[in-house]
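Peer 1: structure for the following, please:
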Amino acid sequence: MFERLKRFSAITAMCIASTAPATAQTETQSELALRGLDGQIAALEARGDANLFELGALQTLRAVEKTLQTRYEYGLGDSALNMPLLRLPVGGRGNPLAKPAGPETLSMMIETFLTDMEAVRATLDRAEAAGVAPFTLALGDIWFDTNLNARRDAGEGAVELLGPLLLGRRAMRDMGKEETRFEVRFDEADHAWLKAYTHMLSGFGNAYMAFDPTPVFARLAEGRANLKQAPRLPDYYDLAEVTAEIATLKAEQERIKAEREALRAASKPANDEIRALRQEMRKPENQDRREEFNDKIKELRDGMKDATEQQRALSLARRSVRNELRSAEAKLPGGGAEMNRQTENFRPTVDAIYVLVAALKQQPDAARVQNAMTHWRAMIAENRRFWALIEAETDNDREWIPNANQQPALPVEIDPEMTRAWQGVLEDAEAVLNGRLLIPHPMLPAGHGISLAHYERYPSPIDLIEAIHGIGFFEHSAKGPMITSQRWQAFNRLARGRGGLFSVYFN
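Peer 2: Residues are numbered from 1 along each chain as shown. Modelled structure (predicted):
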């Protein structure tokens with residue numbers, strides 16, 4: 001299960017590309033490509049006889065599109081915490097007129113997404129009650145209006161944006177060569193597949209909100225605002241003295257550079273001769289003369305010992321002067337600006353780590369934790385229903401995921417044994433969620449593991465240091481059987497090392 005959690009961004013992407021629907025006729029597919037998701041949803045809702053399965057799938061896509069639009073609007077880019085739903089590539093060149101994000105921006109986006117997922121499931125339930133009707137889709141018709149300009153721009157196509165992540169680069173190359181739109185027919189089994197994904201996504205959304213980082217973002221913003229009021233100390237360094245030191249160090253740099261170049265020039269004939277001797281020594285006809293060549297090379301190297309030592313000393317002096325010069329330049333007013341510019345590239349990563357660590361240390365919302373677990377259990381139940389329906393199918397019509405007697409619509413090979421192995425992975429995941437298997441921790445005493453079911457009942461803050469040590473999980477530990485990676489390894493073996501890709505594909 002945890003391997004799948006790490007790949008959640010790809011799972012979300014799969015939900016985007018694969019469940020993206022259209023009707024069975026080419027005309028409506030073209031309308032989807034022309035109108036975009038929001039326009040096509042409005043057109044379907046205006047019809048009294050709309051395919052509710054298709055509508056629910058479009059609503060799923062639209063929910064994800066809205067998260068991309070929010071991130072574009074606020075300039076959150078592709079690295080927003082590197083977390084589920086926040087990790088999907090935004091595409092394009094970014095927003096030059098992005099609004100400043102507030103502490104609540106991401107949480108409001110997740111809350112909106114969770115509300116949208118509830119609406120999707122309501123639509124899918126209505127479709128099930130009315131009898132699930134199949135529909136077809138050409139994957140190339142799907143695009144996300146990330147920059148909110150109501151037209152399809154470069155980088156916004158679902159296949160273009162997510163294809164390499166979903167199918168792999170080789171499959172994407174094959175798709176380009178075949179010049180096909182890859183129509184997929186989604187049927188009753190795929191209805192269960194999509195519903196399982198909505199539960200997966202809602203589970204992660206609730207897990208995010210259980211540790212709502214809004215207060216952490218607010219504290220970070222407040223701290224940065226307070227920096228503007230930091231007191232200004234009087235100058236300490238004598239500017240004229242520092243300027244003279246810098247000039248002296250730069251002159252020393254130039255002297256060392258000149259000496260190194262002179263030494264290189266003086267050593268070049270001997271180095272060229274050594275290279276020529278080595279080339280001669282590699283020739284088959286000179287194998288018997290290897291000792292003669294080695295003696296000559298040694299003689300040349302011995303003659304260069306003094307020059308070599310001088311070069312080493314000059315290299316050391318060069319590094320020392322360079323470091324001293326940088327320190328001297330930092331004494332100048334604004335002298336630390338260059339260092340700040342260099343570290344600024346790392347700020348988003350450092351901020352993300354801080355927000356994650358600080359958010360996890362908060363007391364989680366118990367209801368949110370329980371909702372997340374409930375959604376993940378529902379995901380497994382719907383996934384099982386999906387596989388049962390797949391096995392019962394007798395047609396062979398542009399299948400999204402085929403059984404042993406069907407062919408997939410996409411350029412992927414699926415071993416029937418692999419699909420059965422996946423059931424074992426799901427079984428282990430369910431056992432962990434329900435507390436029948438424990439999660440091993442290398443620092444807990446032998447025979448002890450972490451009970452996810454206990455954590456669900458009694459959620460507590462997660463201190464990263466204590467979690468690594470193990471003491472942070474003492475209160476949630478129990479004795480008993482542990483989950484192992486054996487079933488995952490078996491699945492990965494049957495998937496020929498592409499278990500991660502197929503876990504995304506299979507749900």
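
Peer 1: neighbours of A262, how many?
Peer 2: Here the number of neighbours of A262 (other C-beta atoms under 10 Å) works out to 12. C-beta here means a position set from N, CA and C on the backbone, and glycine is covered the same way.

Peer 1: what about the helix or strand harbouring it, average pLDDT?
Peer 2: When elements are defined using DSSP states H and E, A262 is found to belong to helix 239-282. Mean pLDDT, computed over helix 239-282, is 94.

Peer 1: just list what that helix packs against, helices and strands only.
Peer 2: Under the contact criterion of 3 or more C-beta pairs under 8 Å, 6 or more residues apart in numbering; DSSP states H and E, the helices and strands touching helix 239-282 comprise helix 290-303, helix 305-329.

Peer 1: how far off helix 290-303 does the longest one point, in degrees?
Peer 2: In this case it means helix 305-329. Relative orientation of helix 305-329 versus helix 290-303 (axes from the mean of the first three to the mean of the last three C-alpha atoms, to 10 degrees): 50 degrees.

Peer 1: just the buried residues of helix 305-329, please?
Peer 2: Using 16 or more other C-beta atoms under 10 Å as the test for burial, helix 305-329 gives Q310, Q311, L314, A317, R318, V321, L325, A328, E329.

Peer 1: do the shortest one as well
Peer 2: Applying a neighbour-count criterion of 16+ other C-beta under 10 Å, the buried positions in helix 290-303 are F293, K296, I297.

Peer 1: which among the residues you listed gets closest to D212?
Peer 2: Nearest to D212 among the buried residues of helix 290-303, counting by C-beta to C-beta, is I297 at 68.3 Å.

Peer 1: so what's that closest one up against?
Peer 2: Applying C-beta atoms under 8 Å, 6 or more residues apart in numbering to I297 gives the contacts I274, L277, R278.

Peer 1: likewise A328?
Peer 2: Counting by C-beta under 8 Å, 6+ apart, A328 has contacts V242, E245, I246, L249.

Peer 1: and for the second one, the neighbour number?
Peer 2: By the criterion of other C-beta under 10 Å, E245 has 18 neighbours.

Peer 1: again, but for the third one
Peer 2: Neighbourhood size, I246 [other C-beta under 10 Å]: 17.

Peer 1: and the gap between it and L501?
Peer 2: Counting by C-beta to C-beta, to the nearest Å, the separation of I246 from L501 is 55 Å.

Peer 1: the second one now?
Peer 2: Taking C-beta to C-beta as the criterion, E245 is separated from L501 by 58 Å.

Peer 1: this structure - how does it break down into domains?
Peer 2: In the assignment given by automatic domain parsing, the structural domains of the chain cover 2-212+362-437+483-506, 258-327.

Peer 1: what about the ones you listed, which gets the closest to G470?
Peer 2: With respect to G470, and counting by C-beta to C-beta, the nearest of the domains of the chain is domain 2-212+362-437+483-506 at 17.0 Å.

Peer 1: helix or strand: which one has A421?
Peer 2: Short version: A421 belongs to helix 416-433, going by DSSP H and E.

Peer 1: only the buried residues of that helix, if you could.
Peer 2: Taking 16+ other C-beta under 10 Å as the neighbour-count basis, helix 416-433 is seen to contain the buried residues M418, T419, A421, W422, V425, L426, D428, A429, E430, A431, V432, L433.

Peer 1: which helices and strands does that helix pack with?
Peer 2: In terms of contacts (3+ C-beta pairs under 8 Å, 6+ apart), helix 416-433 is packed against helix 366-392, helix 452-457, helix 486-494, helix 499-506.

Peer 1: please, which helix or strand holds the nearest residue to T394 once chain neighbours are set aside?
Peer 2: By the measure of C-beta to C-beta, 6 or more residues apart in numbering, the closest residue to T394 outside its immediate chain neighbours is N405, 7.7 Å from it. With elements taken from DSSP H and E, nothing contains N405; it lies in neither a helix nor a strand.

Peer 1: phi, psi of N405?
Peer 2: Note on N405: its backbone torsions stand at phi -100, psi 10 [degrees, to the nearest 10].
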